[in-house]
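Visitor: Sequence and computational prediction follow.
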Amino acid sequence: MKRWMLLGPLVLFLGMAGLLYRGLYLDPSELPSALIGKPFPEFSLPAVQDGKPLTRADLLGKPALVNVWGTWCVACRVEHPVLTKLAQQGVVIYGVNYKDVNAEAQKWLKDFHDPYQLNINDEAGSLGLNLGVYGAPETFLIDGKGVIRYKHVGVIDETVWRQKLAGQYQALVDEGSE
């Protein structure tokens, strides 16, 4: 019994130290999503620009990036020029304005350009909750049928686009044109 009282805390400490050490080498942008391979959640929310009702059906037809953003999000401001450039190159991007004031979102898009083909006003955060969003920015890659194929947490910069998303996006585009 005395041996266990001495060794028990040591074993517990070593186990915890091992887990923490492993955590140092995990990529926080690679958070697993239970939605990979599943349809984008159903929703009915207004558009940011004109308040027109939008639903999941509006996302169907083409592969797209679905970018969760907010005017309150500093990292969103960093990624915005990259999204604008991608949109100008023909990448389909839909926005989910997450837990934001709609008037501020409209001003942001006017001031910084609007890369989104449609933009969902998720002021209450209900769609974000259904997507398992931790914060912003987060981006989902969906196919033309609205199935979530990939989730990226964090800023999309040129490197992330080139190394993680461009190939997957292009494969979905090519798949749809066959």
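Guide: Looks like it came in fine. Numbering: from 1, shown residues only.
Visitor: Give me the distance between the nearest residue to Glu158 once chain neighbours are set aside and Glu175.
Guide: Of all residues not flanking Glu158 in the chain, Val82 sits nearest, at 6.3 Å (C-beta to C-beta, 6 or more residues apart in numbering). For glycine as for every other residue, the C-beta is placed from the backbone atoms N, C-alpha and C. Distance, Val82 to Glu175, by C-beta to C-beta, to the nearest Å: 24 Å.
Visitor: Same question for Leu54.
Guide: Per C-beta to C-beta, Leu54 is found 25 Å from Glu175.
Visitor: downstream neighbour of the lowest-mean-pLDDT helix or strand in the chain in the secondary structure list?
Guide: In the chain, the helix or strand scored least confidently by mean pLDDT, DSSP states H and E is helix 2-23, which has a mean of 58. Beyond helix 2-23 on the C-terminal side, the first helix or strand identified by DSSP states H and E is strand 44-46.
Visitor: List the buried residues for that next one?
Guide: Applying a neighbour-count criterion of 16 or more other C-beta atoms under 10 Å, one finds Leu45, Pro46 buried in strand 44-46.
Visitor: Are there helices or strands packed against that strand, and which ones?
Guide: Packed against strand 44-46 by the contact rule (3 or more C-beta pairs under 8 Å, 6 or more residues apart in numbering; DSSP states H and E) you find strand 53-55, strand 118-122.
Visitor: And the average pLDDT for stretch 86-105 is what?
Guide: Over the span of stretch 86-105, the pLDDT mean works out to 97.
Visitor: Compute the first-to-last residue distance for that stretch.
Guide: 20 Å (C-alpha to C-alpha, to the nearest Å).
Visitor: How about residues contacting it?
Guide: 48, 59, 62-72, 83, 115-125, 127-128, 131, 133, 136, 161, 169 (C-beta atoms under 8 Å, 6 or more residues apart in numbering).
Visitor: Buried ones among those?
Guide: Among those, the ones that count as buried by 16+ other C-beta under 10 Å are 48, 59, 63-71, 83, 115-116, 118-123, 127-128, 131, 133, 136, 161, 169.
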